[in-house]
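> Coordinates for the following, if possible.
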Amino acid sequence: MRGFLDRLYIIKRNLRQETPEMWRDIALKNGQARIVREGKVEYMGSVMWKVGNMEQRERVVFHVVERTILSNGQQLLLPELEVATYWTSLPVSPEELIHLQRDHGTSEQFHSELKTDLDLERLPSGKFKVNDLVFHFGALAYNLLRIVGQMSLHHPDSPLKRKAHTQRRRIRTVLQNVITIASRLVRHARQVKLRLGAHSPWYATFKDLYLAFS
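All right, here's what the predicted structure looks like:
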């Protein structure tokens, strides 16, 4: 446990026997209040908390939301409390840490693509070193496909029109539209050429990507 606590981490806590009312009281004493709207107040802050039977205390960041009026204007007889607490060793403000925690969904999307789109959910061998090598190859392929996807995202002739909020393409989309594009390998005059269909919608994008990497 001590070796683990020496590292940088963010871990969402299980409240277990701790009540939301208890954390509201802690937030009132140790947190900073922000009025989000009428009837909704959030508190952010941190306290030093005891870890099990260990003598040392670790930092806990809390985020408490108290609602007395719902967003539709309905008033509540009793306050509605939402509490989230996190073990952390990061030397950042509570606001920044909560933002980092909320952004973990992005990393989960990347993990999902590695497992599903590149079929790395189950590694092929019972030997750790073999699986380690396979995973490294998978990570290399993933990064290359990510680069291709980002470059195609900004290509003016890309058949897939970019929406205003689109910041990346899924690996599956890159594989389907750029990597598995229909073509024919032609050998002529001691040269090997890749010939695409005259009406291929991805020709211009593929050509520019090929020239960029060659």
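> remind me which residues of this structure are low pLDDT?
1-6, 161-166 (pLDDT under 70).
> what residue of it is the furthest out?
In the chain, Ala189 marks the outermost C-alpha relative to the chain mean, sitting 49.4 Å out by Cα atoms, centre = their mean.
> any idea how far His104 lies from Tyr43?
Distance, His104 to Tyr43, using Cβ to Cβ, to the nearest Å: 22 Å. In this view, the C-beta of every residue, glycine as well, is placed from N, C-alpha and C.
> try Leu118
Relative to Tyr43, and taking Cβ to Cβ, Leu118 is found at 42 Å.
> quick one, which of those two is more surrounded?
Remark: of Leu118 and Tyr43, Tyr43 carries more neighbours, 22 against 18, as counted by other Cβ atoms under 10 Å.
> shouldn't the more buried one be in contact with Val61?
No. Between Tyr43 and Val61 no contact is recorded; they are 11.3 Å apart, counting by Cβ atoms under 8 Å.
> Verify the contact between Gln75 and Ile69 for me.
Yes. Using Cβ under 8 Å, Gln75 is in contact with Ile69, at 5.3 Å.
> which residues do those two both contact?
Gly39 (Cβ atoms under 8 Å, 6 or more residues apart in numbering).
> residues near Ala33, how many?
Using other Cβ under 10 Å, Ala33 is surrounded by 13 other residues.
> Run through the neighbouring helices and strands of the top helix by length along the chain.
Among the segments of the chain that qualify as a helix by DSSP state H, the longest is helix 128-153. Where contact means 3 or more Cβ pairs under 8 Å, 6 or more residues apart in numbering; DSSP states H and E, helix 128-153 is packed against helix 104-116, helix 171-174, helix 203-213.
> From the contact counts, what lies against the longest one?
Read it as helix 104-116. Short answer (3+ Cβ pairs under 8 Å, 6+ apart): helix 104-116 packs on helix 128-153, helix 171-174.
> repeat that with 6 Å
Taking 3 or more Cβ pairs under 6 Å, 6 or more residues apart in numbering; DSSP states H and E as contact, there are no helices or strands that helix 104-116 lies on.
> in it, what counts as buried?
113-114 (16 or more other Cβ atoms under 10 Å).
> how about the nearest residue to Leu185, chain neighbours excluded?
Leu194 (6.1 Å; Cβ to Cβ, 6 or more residues apart in numbering).
> Helix or strand next in line after the helix or strand harbouring Glu66, which one?
Assigned by DSSP states H and E, Glu66 belongs to strand 57-69. Per DSSP H and E, strand 57-69 leads on to strand 75-88 as the next helix or strand towards the C-terminus.
> re the thing from before, how about the strand holding Glu66: buried residues?
59-67.
> Equivalent analysis for stretch 136-150, please.
138, 141-142, 145-146, 148-149.
> again with stretch 78-93
83-88.
> again, but for stretch 94-101
Neighbour-count burial for stretch 94-101 flags 94, 97-98, 101 (criterion: 16+ other Cβ under 10 Å).
> Other residues contacting that stretch?
Outside stretch 94-101, the residues within contact range by Cβ atoms under 6 Å, 6 or more residues apart in numbering are 10, 44-46, 61, 63, 88, 90.
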